[in-house]
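Novice: coordinates only, sequence not included:
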């Protein structure tokens, strides 16, 4: 498991004996199954936020939002999914490989950050092993016995093979793990309506609708407006996204794209454009809120649903309407390969069966 930063909140009542300030602590899983925690005591940003909160310059909610953004930046810096080993040899190899192959390449910052994150994760997956001297069997054993899922293991192996080639270790060529078909969680239109019924806050309902009817990622949805809607009202142009720390950035993979918008999404986008409460919505909080709604509505029947699964519902709905994987990938900003991994081979819905039947009858 990976080390992560977490937040402890003060009491809203500010009563005697209650916690008075926000704190952030690092939780690091240990080999024996326990977790070691250490408080962040000398971070100047956190000290400044707490000072404003104690002086009542910031409300509890405003301070919490700033602390969340700080926590997200800290987690991004150490990498959300990486293992931390302190292997000095591997760190030196990674630095040299990065300087030789990536540092001066003309790629956009978002893509460069993703590449650096992937390489860091691959190196840290080795644990105490040295990439300079470990055998093929030792490296493969470390990866296959790790906590990473199948897609991440495959990316780790691909990255390590690049670094091994850079080290001229031609005798070591790691085997790519066999691809495991993804199990996709998603919501149908009727299931989505039940989640909307459970949600009480109108601005959050509107955000859910924008995600479900445009296929936008959560960060992209925050920056969508009616100005991005095409004159024909058939698609929206996704130009920006909001990062974890609340900043405006290019969309994932660094390029804008047109995304088809279902007719139900037009009114939602217009409402979202005018909603002044949206600036108070926290990305982390709204994701947790969505999970709780799904747990109340579906119980164990659809366990593990995340807000990102609204995007999967969008992709599968397009597929049910007979849209090709190629067009779906363009609308969602994914590669054809990624869309095939997610959306081909899932169980046919009654709507898709009806569509196939109508197409066959039309052609006969």
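Specialist: On my side now, so go ahead. Note that the coordinates shown come from a computational prediction; the quantities given were computed from them, not determined experimentally.
Novice: pull out the buried residues from stretch 121-137.
Specialist: 121-127, 129, 131, 134 (16 or more other Cβ atoms under 10 Å). Where you see a C-beta, it was placed from the backbone N, CA and C, and this is true even at glycine.
Novice: one more: stretch 302-320?
Specialist: 305, 307, 309-320.
Novice: likewise stretch 95-108?
Specialist: Under 16+ other Cβ under 10 Å, the buried positions of stretch 95-108 are 97-98.
Novice: which residues touch it?
Specialist: 112, 115-116, 119, 162-163, 166, 250, 254 (Cβ atoms under 8 Å, 6 or more residues apart in numbering).
Novice: what's near enough to touch residue 71?
Specialist: 5-7, 24.
Novice: with adjacent residues omitted, what lies nearest to it?
Specialist: residue 5 (5.0 Å; Cβ to Cβ, 6 or more residues apart in numbering).
Novice: swap in residue 251?
Specialist: Nearest to residue 251 is residue 241, by Cβ to Cβ, 6+ apart, at 5.1 Å.
Novice: could you check the distance from that neighbour over to residue 177?
Specialist: Distance, residue 241 to residue 177, using Cβ to Cβ, to the nearest Å: 31 Å.
Novice: what helix or strand is the spatially closest residue to residue 307 that is not a sequence neighbour on?
Specialist: Nearest residue to residue 307, sequence neighbours excluded (Cβ to Cβ, 6+ apart): residue 290, at 4.2 Å. Here residue 290 sits within helix 283-298, counting by DSSP states H and E.
Novice: that helix - contacts with which helices or strands?
Specialist: When contacts are defined as 3 or more Cβ pairs under 8 Å, 6 or more residues apart in numbering; DSSP states H and E, helix 283-298 sits against helix 60-78, helix 189-198, helix 202-214, helix 218-222.
Novice: helix or strand right after the helix or strand hosting residue 95?
Specialist: Using DSSP H and E, residue 95 sits within helix 88-101. Counting by DSSP H and E, the next helix or strand C-terminal to helix 88-101 is helix 109-124.
Novice: which helices and strands does that following helix pack with?
Specialist: helix 88-101, helix 150-166.
Novice: let me know the average pLDDT across that helix.
Specialist: In this model, helix 109-124 carries a mean pLDDT of 78.
Novice: could you point out which element follows it?
Specialist: helix 136-144.
Novice: between that following helix and helix 150-166, how many degrees?
Specialist: 150 degrees (axes from the mean of the first three to the mean of the last three Cα atoms, to 10 degrees).
Novice: what residues sit buried inside helix 136-144?
Specialist: For helix 136-144, by 16+ other Cβ under 10 Å, it's 139-140, 142-143.
Novice: returning to what we had before: which one's more surrounded, residue 241 and residue 177?
Specialist: More crowded of residue 241 and residue 177, by other Cβ atoms under 10 Å: residue 241, with 21 against 17.
Novice: partner residues bridging the more buried one?
Specialist: Going by DSSP bridges, residue 241 is paired in beta bridges with residue 249.
Novice: much appreciated, bye for now.
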